[in-house]
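Peer 1: Mind looking at a prediction? Sequence and model below.
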Amino acid sequence: MKNKEVIPVFFAVDDGYIPFLGVTLESLIENTSANNKYEVKILYTNVSKENKERIKKYEKENINIEFVDLNKQLKEIEGKLYTRNYFSNTTYYRLFIPELYPEYDKAVYIDSDTICLADIADLYNVDMGDNLIAAVPDGAVQAVDVFKDYVERVVGVSDYNNYFNAGVIVMNLEELRKYKFQEKFIYLLEKIRFEVAQDQDYLNRLCKGRVKIIGYEWNRMPIMGKRDGEIKLIHYNLGSKPWYFDDVLYQEYFWKYAEKTEFYNEIKEIGAKYTDEDKEKDDANSAKLIELAQKETDCVGDDRINRR
């Protein structure tokens with residue numbers, strides 16, 4: 001009998017995002033193949049025993065779930081990680097995957113505000129060559145001109161179309177280890193503080209020139225504003241949260257899977273507590289983010305041949 005292919009899939013959460021992780025897992029598992037073995041690794045520093053047990057219920061014959069405590073790794077760089085608004089330190093966890101799992105040559109990382117509509121093994125099996133990362137161009141950058149200039153002039157990516165969203169990535173762990181990625185990240189952390197997209201900016205800075213750009217179907221973002229083409233994975237990033245708003249693009253897919261979970265009522269309650277004041281605050285934070293990107297861009301010269 002042929003051995004099942006092992007598909008390592010990583011998430012990073014805290015207690016607050018457990019309900020949404022449950023919905024993501026519901027969609028991921030529904031679209032898996034019995035021919036594969038899925039090793040789900042959940043990176044955390046603060047998840048209760050109760051919530052771990054709730055998520056472990058998703059285990060099946062070909063789905064293994066393990067919680068991985070990163071308190072030790074985070075302590076080494078404590079005080080150096082910048083976060084703002086709705087971001088937390090969990091966004092940085094993915095950067096430790098290559099050294100944490102030397103037994104894996106490759107892995108998929110997915111944010112927990114996503115819905116899978118295809119077998120994640122198909123994403124895992126994308127041909128990467130010797131590239132470090134396979135990913136989709138960032139929808140927010142595509143939609144906002146200020147961000148296009150920011151990623152080229154501040155982050156240093158020569159073409160904004162090659163700046164990727166780090167919420168859904170395939171990681172070439174073997175090549176990342178050869179590249180000494182973690183060592184370089186920690187060094188860069190001492191020298192540069194990216195405040196706009198944080199860990200995503202570090203990833204793009206470190207991996208530029210060795211990124212395999214893949215189709216938008218693997219990271220469809222409501223922020224892009226229109227239904228367009230095939231959908232294999234939806235990413236409700238930034239302010240596009242269907243549990244807060246009833247006009248989010250692709251929201252029907254989120255609720256389809258949420259209704260199948262024990263987290264449905266909990267998520268509805270979270271949404272009900274979101275006030276107009278909260279929305280005003282989030283809108284203000286989004287405006288400040290654009291202002292910050294503009295300010296940082298204005299502090300860098302522009303030697304691009306084709307300036308916008």
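Peer 2: Ah, there it is.

Peer 1: got the residue ranges for the strands in the stretch 51-200 of the chain?
Peer 2: Taking DSSP state E, counting those that start in this stretch, the strands of the stretch 51-200 of the chain run over residues 63-69, 107-110, 114-116, 133-137, 164-171.

Peer 1: what residue ranges in the stretch 1-150 of the chain score low on pLDDT?
Peer 2: Applying pLDDT under 70 to the stretch 1-150 of the chain flags residues 1-2, 75-91.

Peer 1: now the helices for it?
Peer 2: 18-30, 49-56, 71-76, 97-100, 120-124, 139-143, 145-150 (DSSP state H, counting those that start in this stretch).

Peer 1: For the shortest one, could you pull out the residues that count as buried?
Peer 2: With burial defined by 16 or more other Cβ atoms under 10 Å, the residues of helix 97-100 counted as buried are 97, 98, 100. For glycine as for every other residue, the C-beta is placed from the backbone atoms N, C-alpha and C.

Peer 1: thought the first one was touching residue 106?
Peer 2: No - using Cβ atoms under 8 Å as the test, residue 97 is too far from residue 106 to be in contact (10.5 Å).

Peer 1: what touches both of the two?
Peer 2: Taking Cβ atoms under 8 Å, 6 or more residues apart in numbering as the criterion, residue 97 and residue 106 both touch 171, 173.

Peer 1: Flag the shaky bits of the stretch 201-308 of the chain, pLDDT-wise.
Peer 2: 306-308.

Peer 1: And the helices in it, which stretches?
Peer 2: 251-258, 264-272, 276-298.

Peer 1: tell me which residues in the longest one are buried?
Peer 2: The neighbour-count criterion (16+ other Cβ under 10 Å) identifies 282, 289, 290, 293, 296, 297 as the buried residues of helix 276-298.

Peer 1: nearest residue to residue 219 other than its sequence neighbours?
Peer 2: residue 136 (3.7 Å; Cβ to Cβ, 6 or more residues apart in numbering).

Peer 1: that older thread, got CSV for the strands of the stretch 51-200 of the chain, with mean neighbour count and distance to residue 27 too?
Peer 2: What follows is those, written out as CSV (neighbours: other Cβ atoms under 10 Å; distance: least, Cβ to Cβ, whole Å):
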stretch, mean neighbour count, distance to residue 27
strand 63-69, 16, 13
strand 107-110, 24, 10
strand 114-116, 25, 5
strand 133-137, 23, 18
strand 164-171, 26, 13
